[in-house]
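Asks: here's a sequence, model it:
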Amino acid sequence: MAGKMMKLGYDPNVVTLSSLLNGYCRCNRISEAVALVDQMVETGYQPNTITFNLLIHGLFLHNKASEAVALVELDRMVEKGCQPNLVTYGVLANGLCKRGNIDLALDLLKKMDKVNIEANVVIYSTVIDGFCKYKHVDDALDLFSEMENKWIRGNVFTYNSLISCLCSYGRWSDAYRLLKEMIERKINPNVFTFSALIDSFAKEGNLLEAESLYKEMIQRSIALDIFTYNSLIYGFCMHDRIDEAKQMFDLMISEDCYPDVVTYNTLINGFCKSKRVEDAWELFCSVDLKGVKPDVRTYTIMFSGFGVKRLKQEAVALFRKMKEDGPLPDDRTYNALIRAHMWDGDKAASAELIKEMTSFGFLQRLRRPLAWSLICYMMGDWTKASSTCFLNH
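Replies: Numbers count the residues shown, from 1 in each chain. Okay, here's the model as predicted:
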């Protein structure tokens with residue numbers, strides 16, 4: 001293409017050729033992009049760092065990581081008359097971390113030290129985030145300490161990566177310490193920061209801390225996202241504070257944050273666990289109206305709720321609807337339905353459901369307490385069967 005331009009009387013410059021190279025990279029013509037750089041050198045057009053940075057990015061996009069790394073690690077850029085700069089190392093670090101090559105990214109930081117290019121917070125944060133995404137939390141914290149020792153202060157992205165990773169390991173006290181450190185350093189936490197911690201506290205059963213963080217979000221005028229709302233609703237349900245869970249549900253709708261299937265499943269399950277099956281059913285019936293499709297878990301929760309209340313006919317009708325226009329039932333669905341039929345004393349229906357489970361290959365997933373109940377049930381010992389079934393619900 002560059003040759004054709006010159007034949008037509010145009011004299012392209014490095015900017016023009018770099019733009020052409022970028023086009024090749026975006027149009028899945030990476031081999032032509034590589035060839036263009038060689039052609040530029042041969043015809044006296046000196047590629048600059050922008051040219052190479054675009055090429056490196058393109059090589060990563062097309063899964064040619066080794067070729068991208070070779071441009072810097074094997075000094076191929078230098079051979080073509082161009083020195084890598086901070087942006088070059090940043091593009092490389094980002095590409096390597098996205099592919100899980102965190103050790104290579106760490107080697108890149110060491111190389112930067114050798115060539116006296118000081119890594120900035122963006123590059124450190126990229127590698128820290130890479131460690132966090134691949135669950136190497138202690139390595140991430142070590143690198144964070146190294147960065148701090150070089151007087152490079154973390155930003156909100158750095159802290160969010162670490163806080164999220166620590167929370168995923170259940171180390172919420174360490175995560176909370178980092179939040180306090182952020183605030184002390186005037187680094188404003190965002191919705192992601194708070195959501196990670198609220199979710200961790202809620203799942204640990206520490207609802208007081210979760211509520212405290214929620215109040216701080218409100219004080220800071222940080223709008224909650226669906227993840228935050230779902231975590232708080234889960235926490236309230238877990239502590240049998242179902243009315244507050246419903247209030248949070250209503251609040252999220254009023255704030256134009258619309259519930260997803262996880263929200264509905266959590267609240268429906270909360271109602272069922274509190275034996276408020278009528279409220280659960282009302283909410284279930286509103287799911288489709290809100291543009292959310294109930295999934296297999298939504299149905300299974302509802303079957304369990306009907307079973308607790310001995311509402312076998314409602315369970316049968318819902319199962320019929322599920323078969324007509326809902327998701328495919330799974331082993332948990334059948335377990336819940338069999339239990340509902342057993343409580344109603346319907347041996348024939350239970351046997352029919354077991355046949356269906358067998359045809360779908362689910363029989364081996366029949367829960368052991370329920371299986372024992374079925375044995376007692378089929379042998380005519382209904383008292384023992386029903387008590388086992390009830391106790392293990």
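
Asks: what about residue 77, which SS state?
Replies: With DSSP: H, G, I helix; E, B strand; the rest coil as the basis, the three-state label of residue 77 is helix.

Asks: what's the neighbour count on it?
Replies: Neighbour count of residue 77, defined by other CB atoms under 10 Å: 24. Bear in mind the C-beta positions are built from the backbone N, C-alpha and C, glycine included.

Asks: ok, it - contacts?
Replies: Residues near residue 77 by CB atoms under 8 Å, 6 or more residues apart in numbering: 52, 71, 83, 84, 88.

Asks: retrieve the pLDDT associated with it.
Replies: For residue 77, the model assigns a pLDDT of 89.

Asks: on that earlier part again, can you name the two of the contacts of residue 77 that are farthest apart?
Replies: Taking CB to CB, the two most distant members of those are 71 and 83; they sit 11.6 Å apart.

Asks: more neighbours: which of the two?
Replies: Using other CB under 10 Å as the criterion, residue 71 and residue 83 rank with residue 71 on top: 24 against 14.

Asks: can I assume that one is in contact with residue 54?
Replies: No: taking CB atoms under 8 Å as the definition, residue 71 is not a contact partner of residue 54, at 11.6 Å.

Asks: identify the contacts common to those two.
Replies: If you check residue 71 and residue 54 against CB under 8 Å, 6+ apart, no residue is contacted by both.

Asks: for the closest residue to residue 169 other than its chain neighbours, give me its contacts.
Replies: Take residue 169 and drop its neighbours on the chain: the residue closest to it by CB to CB, 6 or more residues apart in numbering is residue 137, 5.8 Å away. By CB under 8 Å, 6+ apart, the contact set of residue 137 is 131, 162, 165, 166, 169, 171.

Asks: next, format these as JSON lines and append secondary structure.
Replies: Shown next, in JSON lines, are the contacts of residue 137 (three-state DSSP):
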{"residue": "131", "secondary structure": "helix"}
{"residue": "162", "secondary structure": "helix"}
{"residue": "165", "secondary structure": "helix"}
{"residue": "166", "secondary structure": "helix"}
{"residue": "169", "secondary structure": "coil"}
{"residue": "171", "secondary structure": "coil"}
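
Asks: switch these over to TSV; also include neighbour count.
Replies: Shown next, in TSV, are those (neighbours: other CB atoms under 10 Å):
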residue	neighbour count
131	24
162	25
165	24
166	24
169	13
171	15
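
Asks: with those in mind, which one is nearest to residue 111?
Replies: Using CB to CB, those come closest to residue 111 at residue 131, 18.0 Å.

Asks: so which strand or helix has the nearest residue to the closest one once chain neighbours are set aside?
Replies: In this structure, residue 131 finds its nearest non-sequential neighbour in residue 140, 3.7 Å apart by CB to CB, 6+ apart. Element membership of residue 140, judged by DSSP states H and E, is helix 137-149.

Asks: okay, now the domains of this structure?
Replies: Listed domain ranges for the chain are 1-84, 297-393 (source: automatic domain parsing).

Asks: and for residue 62, the neighbour number?
Replies: 16.

Asks: do the same with residue 275
Replies: Residue 275: 12 surrounding residues under other CB under 10 Å.

Asks: contact partners for it?
Replies: With contact set as CB under 8 Å, 6+ apart, residue 275 has these partners: 308, 309.

Asks: that one in helix, strand or coil?
Replies: Going by three-state DSSP: residue 275 is coil.

Asks: pLDDT wise, what is it at?
Replies: 93.

Asks: where do the strands sit along the chain?
Replies: Using DSSP state E, no strands are found in the chain.

Asks: least trustworthy helix or strand in it by mean pLDDT?
Replies: Sorting the helices and strands of the chain by mean pLDDT, DSSP states H and E puts helix 382-391 at the bottom, at a mean of 43.

Asks: quick one: low-confidence ranges for the stretch 1-150 of the chain?
Replies: Along the stretch 1-150 of the chain, the model assigns pLDDT under 70 to residues 1-11.

Asks: at 80 instead, please
Replies: In the predicted model of the stretch 1-150 of the chain, residues 1-11, 74 satisfy pLDDT under 80.

Asks: now the stretch 151-300 of the chain
Replies: Applying pLDDT under 80 to the stretch 151-300 of the chain picks out residues 289.

Asks: can you map out the helices along it?
Replies: 156-168, 172-184, 191-204, 207-219, 226-238, 242-254, 261-273, 277-287, 296-308 (DSSP state H, counting those that start in this stretch).

Asks: make TSV out of those helices and add distance to residue 358.
Replies: Listed next are these as TSV, based on distance: least, CB to CB, whole Å:
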stretch	distance to residue 358
helix 156-168	38
helix 172-184	44
helix 191-204	36
helix 207-219	43
helix 226-238	34
helix 242-254	37
helix 261-273	28
helix 277-287	28
helix 296-308	19
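
Asks: for residue 327, find the nearest of the ones you listed.
Replies: Among those, the nearest to residue 327 by CB to CB is helix 296-308 (4.5 Å).

Asks: elements contacting the closest one?
Replies: With contacts taken as 3 or more CB pairs under 8 Å, 6 or more residues apart in numbering; DSSP states H and E, helix 296-308 sits against helix 261-273, helix 277-287, helix 312-325, helix 331-343.

Asks: nearest to residue 31, of these?
Replies: For those, the distance to residue 31 is smallest for helix 261-273, at 44.4 Å, taking CB to CB.

Asks: got the angle between the closest one and helix 277-287?
Replies: 160 degrees (axes from the mean of the first three to the mean of the last three CA atoms, to 10 degrees).

Asks: who's in contact with helix 261-273?
Replies: 226, 229-230, 233-234, 236-237, 240, 242, 245-246, 249, 252, 277, 279-280, 283-284, 287, 292-295, 297-298, 301-302, 304-305, 308.

Asks: who's in contact with the nearest residue to residue 175 once chain neighbours are set aside?
Replies: Of all residues beyond its chain neighbours, the one nearest residue 175 is residue 166 (4.0 Å), with distances taken as CB to CB, 6+ apart. Applying CB under 8 Å, 6+ apart, we find residue 166 in contact with 137, 172, 174, 175, 178.

Asks: that's all I had, so thanks and see you.
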